[in-house]
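Novice: Below is the sequence, then the predicted model.
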Amino acid sequence: MNHEATGHEKDASSMENPQDVTSPQEPKQPSMWGRLAKIVGSLVIAGVLLWFSLRGIDLQEFWQQLQRVPLGWVWIFIPVAILSHLFRALRWRLLIEKEGSEAKTSTLFAGVMLGYFMNFLVPRLGEITRPVYVARKINASSSWMIGTIVLERIIDLLILIGLFFFVILALLSDSSVVTGLLGTDEVPTTLLLGIVAAALIVLGLIWIGLKGIMASRDRLPAPVQKIADLIVSFGQGVLSIRGLKTWPQFTGYTILTWLGYIAMSYLPFFAIETVQSGVTLGFTEAIVITVVAGIGITIPTPGGIGTYHLFVQQALFLLYGVPLVEGLAYATLSHGLGMIVILVSTPILLWFDKNFTNDAL
């Protein structure tokens, strides 16, 4: 969607069998000061965005809103969250098996959850921790394993882009949203044509730019050459998935994973409908919030704290008229519950993987 991939372009592009790698280039570890600066910077960003989301909010009213929310939907939210992460692990297993290596589902599941867990400490740290953990468990190259993560992220990015266009169409088809944003109940034809033309122009410029960069790669400065090589690596990584023989399973796990994410946005709507009468939000709105949240968490903060709250709160207010207090309550509940699921289940899964790996599924 969004990854610490430098130094393994060759592994990501060729996707060689990990058993054939003789001298893998392990990912570079940042210096202590670099890590500290990253942590402090992410905390500052999270704090600023949380302040923006709380600005103008009566904290006593906010607390009262949280107290009024029934928690019956929570018992559905928890298994949905766990299953969505499990489906991601099962999909990842197909990519690893494609290259001739095997990993227990328990190991991959623990690795996925460990990645999320570490992202709460340092943004993007989980993108390294997750593949390194699994690589050590199955005695494979860490850089090769990171290549599978890069490929997985590219696929999810393409899905998010597809959902983004769906969101645009959904918003433009909702007259109440259009009225709120544009002050009219009809979308001007010139606006639609402008959006289509702008999208085509941007795509065309990107295509021309990439072709130009690759055609003159040898004459480019070294830093630009590295970017060009990374682009080629990403492209080859996407194309390498054509050799996947378990397409139905891979597609099914991908759909189930994203349906889980959307359901995690949908279920907390019951909290809003309880505290704010007359508010009706459905599955389409859940897709919109999922995309907005996905865009928000690309900003590097620990576990999306601050970015998720502000982006989701403002989207609910601007698009659907949900008061800021209720929007913040929704964001706090959905993000907090997802965070609790990760923090509680990760140690359990790591313990299980360590002690019962041989008996794992």
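Specialist: Structure received.
Novice: Quick check: buried residues in stretch 312-329?
Specialist: Residues of stretch 312-329 classed as buried: 312-317, 319-320, 322-329 (neighbour count, 16 or more other Cβ atoms under 10 Å). The way it works is simple: take the backbone N, C-alpha and C, and place the C-beta from them, glycine included.
Novice: C-alpha coordinates for it, CSV please?
Specialist: In CSV, the C-alpha atoms belonging to stretch 312-329 read as follows (Å, rounded to 0.1, in the frame of the first residue of the first chain):
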residue,chain,number,x,y,z
VAL,A,312,-11.1,8.9,9.3
GLN,A,313,-12.6,11.5,11.5
GLN,A,314,-12.5,14.2,8.8
ALA,A,315,-13.7,11.8,6.1
LEU,A,316,-16.8,10.9,8.2
PHE,A,317,-17.5,14.5,8.8
LEU,A,318,-16.9,15.9,5.4
LEU,A,319,-18.4,13.1,3.4
TYR,A,320,-21.3,11.9,5.5
GLY,A,321,-21.9,14.7,8.1
VAL,A,322,-20.9,12.6,11.1
PRO,A,323,-20.1,15.0,13.9
LEU,A,324,-16.5,15.3,14.8
VAL,A,325,-17.0,13.8,18.3
GLU,A,326,-18.7,10.7,16.9
GLY,A,327,-16.1,10.4,14.1
LEU,A,328,-13.3,10.5,16.6
ALA,A,329,-15.1,7.9,18.8
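Novice: can you list the residues that contact that stretch?
Specialist: Applying Cβ atoms under 8 Å, 6 or more residues apart in numbering, the set of residues contacting stretch 312-329 from outside is 53-54, 56-58, 61-62, 65-66, 69, 171, 177, 180-181, 271-272, 275-276, 279, 281, 285, 288-289, 292-293, 296, 309, 330-331, 334-335.
Novice: Correct me if wrong: H309 contacts H335.
Specialist: Yes - using Cβ atoms under 8 Å, H309 is in contact with H335, at 6.5 Å.
Novice: Compare neighbour counts for the two and give me the winner.
Specialist: In terms of neighbours (other Cβ atoms under 10 Å), H309 is the more surrounded of H309 and H335; the figures are 27 against 22.
Novice: Roughly how far does the residue of the chain most remote from its centre sit from Q225?
Specialist: Distance from the centre of the chain peaks at R219, with 35.8 Å (Cα atoms, centre = their mean). As for R219, its distance to Q225 is 9 Å (criterion: Cβ to Cβ, to the nearest Å).
Novice: repeat for I96
Specialist: For I96, the distance to Q225 equals 30 Å [Cβ to Cβ].
Novice: what does V322 give?
Specialist: Noted for V322: a distance of 48 Å to Q225, by Cβ to Cβ.
Novice: And for S53?
Specialist: Taken as Cβ to Cβ, the span from S53 to Q225 is 42 Å.
Novice: More neighbours: these two, which one.
Specialist: Between S53 and Q225, counting by other Cβ under 10 Å, S53 is the more crowded of the two (22 against 14).
Novice: any idea which element the more buried one lies in?
Specialist: Element membership of S53, judged by DSSP states H and E, is helix 32-54.
Novice: again, but for S101
Specialist: If you go by DSSP H and E, S101 is not part of any helix or strand.
Novice: Distance check, it against L50.
Specialist: Computed as Cβ to Cβ, the S101 to L50 distance reads 42 Å.
Novice: which of those two has more neighbours?
Specialist: Remark: of S101 and L50, S101 carries more neighbours, 21 against 17, as counted by other Cβ under 10 Å.
Novice: That one reaches I138, doesn't it?
Specialist: Yes - here S101 reaches I138: they are 6.1 Å apart, a contact under Cβ under 8 Å.
Novice: which residues touch M118?
Specialist: Here M118 is in contact with L125, G126, T129, R130 (Cβ under 8 Å, 6+ apart).
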